[in-house]
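J.: Below is the sequence, then the predicted model.
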Protein chains: 2
Amino acid sequence: MRGFTYLSKVLHSHSSYSKLLVLCSVSTGGLLVYAESNVESGKQVVEQNQPESKKKRVVVLGTGWGGTSFLKDVDISSYDVQVVSPRNYFAFTPLLPSVTCGTVEARSIVEPVRNIIKKRSGEIQFWEAECLKIDPENRTVSCRSGINDNLAGQNDFSLQYDYLVVAVGAQVNTFNTPGVMEHCHFLKEVEDAQRIRRTVIDCFEKSVIPGLSEEERRTNLHFVIVGGGPTGVEFAAELHDYVYEDLVKIYPSVKDFVKITVIQSGDHILNTFDERISSFAEQKFQRDGIEVSTGCRVTSVSDHFINMKVKSTGKHVEVPYGMVVWSTGVGTRPFVKDFMEQVGQEKRRILATDEWLRVKGCSNVYALGDCASIDQRKVMEDISAIFKAADKDDSGTLSIEEFRDVLEDIIIRYPQVDLYLKNKHLLEAKDLFRDSEGNEREEVDIEGFKLALSHVDSQMKSLPATAQVLLPLFVFHPCFSFHLCCLDSPKVLPHTCRFYIKTALLFVDMFEESEQHSFSLSILL
Amino acid sequence: MRGFTYLSKVLHSHSSYSKLLVLCSVSTGGLLVYAESNVESGKQVVEQNQPESKKKRVVVLGTGWGGTSFLKDVDISSYDVQVVSPRNYFAFTPLLPSVTCGTVEARSIVEPVRNIIKKRSGEIQFWEAECLKIDPENRTVSCRSGINDNLAGQNDFSLQYDYLVVAVGAQVNTFNTPGVMEHCHFLKEVEDAQRIRRTVIDCFEKSVIPGLSEEERRTNLHFVIVGGGPTGVEFAAELHDYVYEDLVKIYPSVKDFVKITVIQSGDHILNTFDERISSFAEQKFQRDGIEVSTGCRVTSVSDHFINMKVKSTGKHVEVPYGMVVWSTGVGTRPFVKDFMEQVGQEKRRILATDEWLRVKGCSNVYALGDCASIDQRKVMEDISAIFKAADKDDSGTLSIEEFRDVLEDIIIRYPQVDLYLKNKHLLEAKDLFRDSEGNEREEVDIEGFKLALSHVDSQMKSLPATAQVLLPLFVFHPCFSFHLCCLDSPKVLPHTCRFYIKTALLFVDMFEESEQHSFSLSILL
């Protein structure tokens, strides 16, 4: 009952949630509990454990989408909140590609963390530093300030925590390709975008100076994007507009030498999307003169060339370039990797949490955003407990009414059920109860119940712990958001969000071309 | 007559200036000439010398105030204009101190050179490169692009010129003080201002991290400005407002540790100004808690300390700091120094030009802005020629009418005359003719004329070739601006302009305090 007790504690100050269906999992299996949470007694427990003078300390790592949303909602009257991040601002990452081309000024897409903190009337402390190590044994994080060594005082410090929220995002993934770190640009941080912008102009300035051969001018104006995912595709499209709408007017003498190439290892760009979107993007790029080299794997990048292997022919090709933007996906930060080893997750690619965003293998550590992924429990693992909890009259069978009463809760706890219902166009609980011939049934026993839900787990995917995924939970279950102390605002989140925006934009393009202007982005933003 | 012939050539296309009083100097002395410039014949000369197919090439070095103003006015139908500058933008330097504090965004104070060029409908070529050497013998400048070495093609190139305009400004002057280049900030370029802004925030971020002693926090928040001139004073004032209006709210825990110090080697800050302004600024700083250490000379700067000598006691003092901004004045760029040696100006501190901004000691090279200074001819050097030209009836005496006729031209040619008249409150030509008892005279001979003008040269100062100085010339003598192909707009110019703005601001402060709100800055901006 640990989960429930903890939940009660967290709930103590919010009487509006005092009556509430609580769904929580314990490590031995699933459990479905109806609780009449007694606010007063809950408060006492909290007060006994943590007197007002010494609040429990919540340390938050990161000020991206996850960390910032958490800060906006955390109950600062109950916790001593301390935030550590190497950036003292929050950045609206979906607009980064626009910063590369000056469509949006960097200043417009950042918000200082201290401003966000100031809006909360309590005290949240912030330190501009990087986390170097999490020590779950001693509940400590080691941090280092990255500020100029000239300044007085040491850069290293440690923080004790009672609860730790890991929201540090991911880092660029070079797949250990030689030369990438040294010669490529990335598009993760605001500084990256600003650097790209300067480099694009540098390429043009260099290509017009006297005495260069046509070949050299062409090389300097060859912009290569490695990775045909949403980030790469979005940047290529922005760059194309920037070049052909603005730059060719400013540098008319070299306008015919510009070339934009997208290198993609798969057979299509945007291959995680619906095929129609992918082929639409490819056709659009073809019309715009953006070259798409699919089926090519970059093997190394030198100061002047990209070396790649063409999968179809097996040949190695050297491509001269002016600028390379590397956007092949994200990887895990080293200190998160180290933490994963400590909590027995060394074999995983990404930090695993349960559905409550609790890191598996240790206590009091939560993780969300690009650095983590939710391991969703299967319905079938907990089927007996679910049946037992739903069968209120202990009859050994579940009536349609009994099932209907708990279905909503099941959907919150196991989002795959909702997905299954939607995909199968099942509108009601009774539709799940139909037998194999499609006849309605009034009651089912445990075997029938298992049969009814036997396919729902097939809808499960590995879920990144980002807002898109969590959104249904937040919308339907305020307590969930509260339990996590985070993410009330159903807004877009990191990497994944670009997918949605890009998809939306492509849809807009498609719709515009078919003259259906009514499509609105707002639902996605 | 070289000067006059050249002027005629330049004038060929502007019939509005065809009848014109031309005042020009030849190297052997002064000469006052009334010319009926024949536009048609002038044009023929030009056409013979430089057929339309091969325009003469004007190379402009620099895109600051001087270079940019020149570009706005140069007659591109007659010249092949090529511009070389390491910055591809013009920066409104007076607002740099505001960029350090975020009052103004860097983007707002720059204008791309290529935008400025685009507005001229002809063809001006621009190259982002630094000038390394001027070769006046072969009329060549050697340049180097400072862009990323990774890009294809060589960075060095040379340009031939027929006329060269040197408007490269000055560089920071460290007076060879050890450690200044390594550890100090400057305030010359936009990047400098952005770097200062980041460093101020870094100092605050570092000073709040856990584990620092109070002493260390104080050190990190000690902002030192070396140089109590207008730049230093303006920055100190901006920083003070930034810290006490904004930053102390964001970093309340360290607000009592902040200290701003201005180190000045002289006895007063702003010591080139009127004493009232200087003492007003000192009193204001005292009220604001900005420490002013006058009579202190910085001997070296290390990574943690400023070492300075207190003149009054002769003692050496070590001052710990968080950030140092060095603003002790400007020096000559190395390639300008080298050029000065080639044209026999090796003993001078700054490039000397005549009143037409022609560099002394070589032909077809002009210089203006912070990199040059005008050597104004004395009236007494040319007094006989002036008398002869004014004495139209060759009577050997000058009547008051004859003198009145040429006085305006004299004032244009010798600005010190105007200054003298104003300072002595002399309103009319006849006031100059009064004898020692103050009686009016109708006629003077050459000796009387010499006596009348004997004191005007005392008003001469070494004039920097900036717009403030040139302004009267432009206003009264459009041909002058045209002759220089530049600077028609009577707007503020580089270093000097800060003086004016700062003075204006201080006056505004003074006026505000005495509740005279009518003072307007606009006349100065």
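T.: That came in fine, so what should we check first? Residues are numbered from 1 along each chain as shown, chains lettered A, B, ... in the order given.

J.: drop to CA atoms for contacts and neighbour counts, all remaining ones
T.: OK.

J.: just the CA coordinates of the helix or strand harbouring A:F280, formatted as CSV?
T.: Using DSSP states H and E, A:F280 falls within helix A:275-288. The C-alpha trace of helix A:275-288 is given here as CSV (Å, rounded to 0.1, in the frame of the first residue of the first chain):
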residue,chain,number,x,y,z
GLU,A,275,3.2,7.1,-45.9
ARG,A,276,1.1,9.9,-47.5
ILE,A,277,3.0,12.5,-45.5
SER,A,278,6.3,11.0,-46.3
SER,A,279,5.7,10.9,-50.0
PHE,A,280,4.1,14.4,-50.0
ALA,A,281,7.3,15.7,-48.3
GLU,A,282,9.5,14.0,-50.8
GLN,A,283,7.5,15.4,-53.8
LYS,A,284,7.5,18.8,-52.3
PHE,A,285,11.3,18.7,-51.8
GLN,A,286,11.7,17.5,-55.4
ARG,A,287,9.7,20.5,-56.7
ASP,A,288,11.7,22.8,-54.5
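
J.: pLDDT of it, averaged?
T.: Per-region confidence: helix A:275-288 scores 90 on mean pLDDT.

J.: show me where the stretch 251-400 of chain A has strands.
T.: A:259-264, A:291-294, A:296-301, A:305-310, A:316-320, A:323-326, A:330-331, A:351-353, A:365-367, A:369-374, A:397-399 (DSSP state E, counting those that start in this stretch).

J.: does A:A367 really touch A:G169, like I thought?
T.: No - between A:A367 and A:G169 there is no contact under C-alpha atoms under 8 Å: 9.7 Å.

J.: Look at these two and report which has more neighbours.
T.: Using other C-alpha atoms under 10 Å in any protein chain shown, the more surrounded residue of A:A367 and A:G169 is A:A367, with 30 against 25.

J.: Not counting its neighbours along the chain, what's nearest that one?
T.: Using C-alpha to C-alpha, 6 or more residues apart in numbering or on different chains and skipping residues adjacent in sequence, the residue nearest A:A367 is A:V166, 4.5 Å away.

J.: measure the one you found to A:K133 for me?
T.: 12 Å (C-alpha to C-alpha, to the nearest Å).

J.: who touches both of these two?
T.: Common neighbours of A:V166 and A:K133, counting by C-alpha atoms under 8 Å, 6 or more residues apart in numbering or on different chains, are absent.

J.: Compare these two (neighbour count), which wins?
T.: A:V166 (26 against 18).

J.: For the more buried one, list each beta-bridge partner.
T.: Under DSSP bridges, the beta-bridge partners of A:V166 are A:L61, A:A367.

J.: A:L159 now?
T.: Residues in beta-bridge contact with A:L159 (DSSP bridges): A:V141.

J.: That one touches A:S142, doesn't it?
T.: Yes - contact criterion C-alpha under 8 Å: A:L159 and A:S142 qualify, at 6.6 Å.

J.: Can you tell me the closest non-neighbouring residue to A:R218?
T.: A:R218 sits nearest to A:F257 (C-alpha to C-alpha, 6+ apart), 4.9 Å away.

J.: Could you tell me how many residues sit around that neighbour?
T.: So A:F257, with other C-alpha under 10 Å, has 16 neighbours.

J.: Spit out the contact partners of it.
T.: Taking C-alpha under 8 Å, 6+ apart as the test, what A:F257 contacts is A:217-218, A:221-222.

J.: Let's see that with 7 Å instead.
T.: A:217-218, A:221 (C-alpha atoms under 7 Å, 6 or more residues apart in numbering or on different chains).

J.: can stretch A:108-128 be found next to chain B?
T.: Yes - residues of stretch A:108-128 are located near chain B by C-alpha under 7 Å from any C-alpha of the partner chain, namely A:114, A:127-128.

J.: Narrow the residues you listed to those in strands?
T.: A:127-128 (DSSP state E).

J.: Please report phi then psi for A:L407.
T.: Dihedral pair for A:L407: phi -60, psi -40, per degrees, to the nearest 10.

J.: Identify the residue nearest it in space, chain neighbours excluded?
T.: Here the residue nearest A:L407, using C-alpha to C-alpha, 6+ apart, is A:A429, at 7.2 Å.

J.: what's the pLDDT at that neighbour?
T.: pLDDT, A:A429: 72.

J.: one step back: of the contacts of A:F257, which is the most crowded?
T.: A:L221 (30 neighbours).

J.: dump the residue contacts of that one.
T.: A:203-204, A:257-259, A:322.

J.: try 8 Å
T.: A:203-204, A:207, A:257-259, A:321-323.

J.: Near chain B, which residues of chain A? Just list them.
T.: A:114-115, A:118, A:127-128, A:145, A:147-148, A:150-154, A:157, A:202-203, A:205-206, A:208-213, A:216-217, A:219-220, A:250, A:303-304, A:322 (C-alpha under 8 Å from any C-alpha of the partner chain).

J.: which regions of the stretch 1-150 of chain A sit below the pLDDT cut-off?
T.: By pLDDT under 70, the low-scoring segments of the stretch 1-150 of chain A are A:1-53, A:122.

J.: Helices of that one, residue ranges please.
T.: Assigned by DSSP state H, counting those that start in this stretch, the stretch 1-150 of chain A shows helices spanning A:2-11, A:39-49, A:65-73, A:96-100, A:113-119.

J.: can you give me the strands in the stretch 101-250 of chain A?
T.: A:110-112, A:124-128, A:130-135, A:140-144, A:156-160, A:163-166, A:171-172, A:222-226.

J.: looking at the ones you listed, which is closest to B:R287?
T.: strand A:110-112 (31.1 Å; C-alpha to C-alpha).

J.: Now do that closest one: distance to the chain's middle.
T.: Averaging C-alpha positions (C-alpha atoms, centre = their mean, to the nearest Å) puts strand A:110-112 19 Å from its chain's average.

J.: helices or strands up against that strand?
T.: Helices and strands touching strand A:110-112, by 3 or more C-alpha pairs under 8 Å, 6 or more residues apart in numbering or on different chains; DSSP states H and E, are strand A:89-91.

J.: rewinding a little: highest neighbour count among the contacts of A:L221?
T.: Neighbour-wise, the contacts of A:L221 (other C-alpha under 10 Å) top out at A:S207, 29 neighbours.

J.: quick one, what contacts the nearest residue to that residue once chain neighbours are set aside?
T.: Leaving aside its chain neighbours, A:S207 sits nearest to A:R217 (4.7 Å; criterion: C-alpha to C-alpha, 6+ apart). Residues in contact with A:R217 (C-alpha under 8 Å, 6+ apart) are A:206-208, A:254, A:257, B:152-153.

J.: Filter these down to the buried ones.
T.: A:206-208, A:254, A:257, B:152-153 (16 or more other C-alpha atoms under 10 Å in any protein chain shown).

J.: Farthest from the middle of chain A: give me that residue.
T.: Relative to the mean C-alpha coordinate of chain A, counting by C-alpha atoms, centre = their mean, the farthest residue is A:G211 (48.1 Å).

J.: Relative to B:C362, how far out is the closest residue to that one other than its chain neighbours?
T.: What sits nearest to A:G211 in space, not counting adjacent residues and going by C-alpha to C-alpha, 6+ apart, is B:F157, at 6.9 Å. B:F157 sits 23 Å away from B:C362, going by C-alpha to C-alpha.

J.: what's around A:T199, how many residues?
T.: For A:T199, the count of nearby residues is 19 (other C-alpha under 10 Å).

J.: ok, now which ones touch it?
T.: By C-alpha under 8 Å, 6+ apart, the neighbours of A:T199 are A:M323.

J.: surely A:H240 meets A:T261?
T.: No - using C-alpha under 8 Å as the test, A:H240 is too far from A:T261 to be in contact (10.3 Å).
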